[in-house]
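Q: This is a predicted model, with the sequence first.
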There are 2 protein chains.
Amino acid sequence: MTVEFLKEVKGKYWPDDHDRHLIDIVLPKLMSKINTYIDEHKLEATPMLVGSIAKGTYLHNPDADIFILFDKGMKKERMGEIAVDMGKTVLDHSTVSYAEHPYSKGEYENLKTDIVPAYKISHGSEIISAVDRTPFHTEFVKNSVNEDILEDIRLIKAFSKGIGVYGSDSRVKGFSGYLLELMVIYYGGFLKVLKNASNWKRGIRVEMVPSAKDFDNPLVWIDPVDNGRNVASALSTDNFYLFISACKHYLEKPKKEFFLPRPHDPLNFEQIKRAFEHRRTHAVAVSIDRPDLVDDILYPQMDKALKSIEIGLKSSDFTVYRSIHHAGEKLTFLLEVDQIVLPKVQVHEGPPANHPNSKDFIKRWTNSVETFSKPYLYNSRWQVDVCRKYSTIQEFLQEQIPNMSLGKNLDLLMENG
Amino acid sequence: MTVEFLKEVKGKYWPDDHDRHLIDIVLPKLMSKINTYIDEHKLEATPMLVGSIAKGTYLHNPDADIFILFDKGMKKERMGEIAVDMGKTVLDHSTVSYAEHPYSKGEYENLKTDIVPAYKISHGSEIISAVDRTPFHTEFVKNSVNEDILEDIRLIKAFSKGIGVYGSDSRVKGFSGYLLELMVIYYGGFLKVLKNASNWKRGIRVEMVPSAKDFDNPLVWIDPVDNGRNVASALSTDNFYLFISACKHYLEKPKKEFFLPRPHDPLNFEQIKRAFEHRRTHAVAVSIDRPDLVDDILYPQMDKALKSIEIGLKSSDFTVYRSIHHAGEKLTFLLEVDQIVLPKVQVHEGPPANHPNSKDFIKRWTNSVETFSKPYLYNSRWQVDVCRKYSTIQEFLQEQIPNMSLGKNLDLLMENG
């Protein structure tokens, strides 16, 4: 790795003076305001800084993750209300987001901040809500890192961002920051992660603590703070393989493009149109109203919907080249297909010429309303030309999408839309 | 079989008074003219009436097949010249046709007549030219029929005409008159043929005389006058099965439509166009100059050419619904296809994500001129979008047809055409 390109990587990803100012000066002020809020409201709650800032593994432009820990007796609804009100009070501006319960998302003197309510538990396996484990993750990493591997953690995060697999949310389906930290801690450094990952096979299992639980994921990385959990459960198979492939190629020929891919400007409408004309394929877009769901519920539903559309189109003889979805103001499904119009007829193959069923086949299809031209012998088989159920993409989408299993919320919207 | 519909069948297919006049009055005059010609030219030749008129198995509007038998010492070229000159002299008008050697085709007082030169041999297995066997066929049938089965022979011929499988020429690929005669003689009658044929399986073998020779045909019917020959060698598999199927259906429910199918007028151009529009398929026609070949050589070449075009189109992702050829002034290949334009790109599947060959695949396709978009992971495999070789039917036909094995004569014509 030449010093030159490392400098560029660091310049883009490493924390700068402004980040340090936010963490050293702004964050303590925010913590103090939160404590004041707790005192004034006489709450039994402890604020705790978690996540990459707490662990010292943060990159440029980090978020502050502040957990408000409550006793187990606290009602979930109340915790959510407190976190939302706290956000409104202590942050410069905040909005309400939803995971298992509501939390506050906002900014305090330019420091992006999440204020998240959680239960105070004594071990990662005792969690009540999904986020309760996070403080243990933070502790585990804090106790396992030193200055040397801190650099390597930043490198693997930068590498994962560069190749597009950073983040375990449902949209990216990649590697969480915590998983990357564990990988560097376990293997002992950036290059050692790359060397080991180069040899991963689908189903590779790493137990930092023993675990008897089975997982059906491409990568199984047992959570050292909860051996009943796979840290890599969100990782998609394609991203798993993409990571392996990138590791191999990087080791063979390190290039800054792994960290700093060439930027490409989004195409405008005219350019997209020309691209499809050039490929002589067809773009089909389906847009529906966006339901009020958090990303971790919305994206799996969109995945499922897109898969249903693809399978349906394929069984109707349309070839889908690629497909993506996008959740903006509307939910959009974009598919690249070979044709938007097919013949109205299709060949329906019958039994071999002399088969006992031939007679039934001929009888059945001679008088069927679906028959386009009567049964005939072709290459020693009976065949009949029948009407195709969907001979345009539009027919298919209009009739099939409302019936598809798109998840409860989408179904309804398609029917109305 | 009701008398009513039998009357209609007979009305269409049975010889009428005009036919009998031609055979009883006109034919003897013609034979006498031929004998006069032979005498005047001092030829060592014997005229012989062969075929269905000689056998008494003829239908309405029969051809007179007159063979001129020469000694074995005669040169083939000379025999042809004599037959042609005889035709010109004795017939009202005649043209030259070609089988293994030239023969005369024409009319004498409205009696359609073929004058065919052949060798006089003593047994069917001694043939020198392909037609030499015919007199033996005529003799065999003449000696085997009686008034009773004569009716049944006419019925099976009418039935075969009705279902479209009458004729052993390369265009029809069906049942010759001689084969149908043998079937009635062997099985004992029209209905007995139908009953037996209903149970035929592909490869069924009938030996009216013992034969040790193997044949690879759907129906093997050993020629009683030459046990080295299969009388059914020209029968296509589809016609074999079509015949079986028709026999089964007729036995279950006899209908006049088997003999007298509902007539359908040929469609005009506008109607054809509308039919394709209605089916939303595309018609593609290729026309080339007609080479100077007899049908029995031309049709197999056209079959082969059409097969090549179909296979090529299929491997280029076009779906051929049906195809036919027609030999008129030009040779025409007509195909019904699903699309005439495909996307310019196609997905080229690479190795599974983690396969040792992945690296080579990525390298090979990242820099190839054929690459449309760089390799990417999709469903755990590497893929790349590459340029399609032929994305229109026209491109395919223009580039591929001259390279195809269409038989010697067609190749040349395609190159020039």
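A: Received it, and whenever you're ready, just let me know what you need. The model shown is predicted, which means the values in this text are computed figures rather than measured ones. Residues are numbered from 1 along each chain as shown, chains lettered A, B, ... in the order given.
Q: give me the number of residues near the closest residue to A:S97 other than its chain neighbours?
A: If the residues on either side of it in the chain are set aside, A:S97 comes closest to A:K105, at 4.7 Å by Cβ to Cβ, 6 or more residues apart in numbering or on different chains. The C-beta positions use only the backbone N, C-alpha and C, and glycine is treated the same way. The tally of other residues near A:K105 (other Cβ atoms under 10 Å in any protein chain shown) stands at 17.
Q: Check the model's average confidence along the helix or strand hosting A:K105 for me.
A: Here A:K105, judged by DSSP states H and E, is contained in strand A:102-108. Mean pLDDT, strand A:102-108: 93.
Q: what comes into contact with it?
A: A:26, A:29-30, A:33, A:64, A:80-81, A:83-84, A:86-88, A:90-97, A:112-117 (Cβ atoms under 8 Å, 6 or more residues apart in numbering or on different chains).
Q: Select from these every entry located in strands.
A: Mapping the contacts of strand A:102-108 onto strands (DSSP state E) picks out A:A64, A:H93, A:S94, A:T95, A:V96, A:S97, A:K112, A:T113, A:D114, A:I115, A:V116, A:P117.
Q: Quickly list what the fifth one is bridged to.
A: Beta-bridge pairing of A:V96, defined through DSSP bridges, involves A:S104.
Q: which secondary structure elements does the strand or helix carrying A:D238 contact?
A: In this structure, A:D238 is located in helix A:237-252 according to DSSP H and E. When contacts are defined as 3 or more Cβ pairs under 8 Å, 6 or more residues apart in numbering or on different chains; DSSP states H and E, helix A:237-252 packs onto helix A:147-163, helix A:190-198, helix B:358-366, strand B:371-378.
Q: Pull out the buried residues from the first one.
A: Applying a neighbour-count criterion of 16 or more other Cβ atoms under 10 Å in any protein chain shown, one finds A:149, A:152-163 buried in helix A:147-163.
Q: next one: the shortest one
A: Under the neighbour-count criterion of 16+ other Cβ under 10 Å, strand B:371-378 has B:T371, B:F372, B:P375, B:L377, B:Y378 buried.
Q: Among these, which pair sits farthest apart?
A: The span of the buried residues of strand B:371-378, defined through Cβ to Cβ, is set by B:F372 and B:L377 at 16.6 Å.
Q: hmm, the longest helix along chain A in reach of chain B?
A: When secondary structure is assigned using DSSP state H, the longest helix within chain A turns out to be helix A:295-315. No: for a cut-off given as Cβ under 8 Å from any Cβ of the partner chain, helix A:295-315 has no contacts with chain B; the smallest distance is 10.6 Å.
Q: Report all helices and strands that the helix or strand immediately after that helix in the chain contacts.
A: Counting by DSSP H and E, the next helix or strand C-terminal to helix A:295-315 is strand A:320-327. With contacts taken as 3+ Cβ pairs under 8 Å, 6+ apart, strand A:320-327 sits against helix A:295-315, strand A:330-337.
Q: Give me the contact list for strand A:320-327.
A: Strand A:320-327 is contacted from outside by A:281, A:290, A:295, A:298-299, A:302-303, A:305-306, A:309-310, A:313-314, A:331-338, B:343, B:345, B:347, B:378, B:385, using Cβ under 8 Å, 6+ apart.
Q: low-scoring pLDDT stretches of chain A, where are they?
A: Residue ranges of chain A with pLDDT under 70: A:1-3, A:403-417.
Q: what's the domain layout of it?
A: A:16-131, A:145-263, A:269-341+A:392-416, A:345-387 (automatic domain parsing).
Q: do you know which of those lies nearest B:I53?
A: Closest approach to B:I53 among the domains of chain A is made by domain A:345-387 (33.0 Å; Cβ to Cβ).
Q: Is chain B within reach of that closest one?
A: Yes: using Cβ under 8 Å from any Cβ, we find that domain A:345-387 touches chain B at A:345, A:347, A:353-354, A:358-359, A:362, A:372, A:377-380, A:385.
Q: B:L397: which of the ones in strands among the contacts of strand A:102-108 is nearest?
A: The closest of the ones in strands among the contacts of strand A:102-108 to B:L397 turns out to be A:S97 (Cβ to Cβ; 60.3 Å).
Q: Run a quick neighbour tally on that closest one.
A: Using other Cβ under 10 Å, A:S97 has 16 other residues around it.
Q: Okay, it and chain B: tell me how far apart.
A: With the distance defined as Cβ to the nearest Cβ, to the nearest Å, A:S97 ends up 31 Å from chain B.
Q: give the contact list for that residue.
A: For A:S97, the contacting residues are A:Y103, A:S104, A:K105, A:D114, A:V294, by Cβ under 8 Å, 6+ apart.
Q: re the thing from before, from the buried residues of helix A:147-163, which are also near chain B?
A: By Cβ under 8 Å from any Cβ, no member of the buried residues of helix A:147-163 lies near chain B.
Q: got the phi/psi numbers for the nearest residue to A:T138 once chain neighbours are set aside?
A: Spatial nearest neighbour of A:T138, chain neighbours left out: A:V50 (4.3 Å); criterion: Cβ to Cβ, 6+ apart. Backbone geometry at A:V50, expressed as degrees, to the nearest 10, gives phi -120, psi -170.
Q: same check, this time on A:L293
A: Backbone geometry at A:L293, expressed as degrees, to the nearest 10, gives phi -130, psi 150.
Q: Most proximal residue of the stretch 101-250 of chain A with respect to chain B?
A: When scored by Cβ to the nearest Cβ, the stretch 101-250 of chain A has A:Y241 as its residue closest to chain B, at 3.2 Å.
Q: So that residue sits against B:A353, correct?
A: Yes: using Cβ atoms under 8 Å, A:Y241 makes contact with B:A353 at a distance of 3.2 Å.
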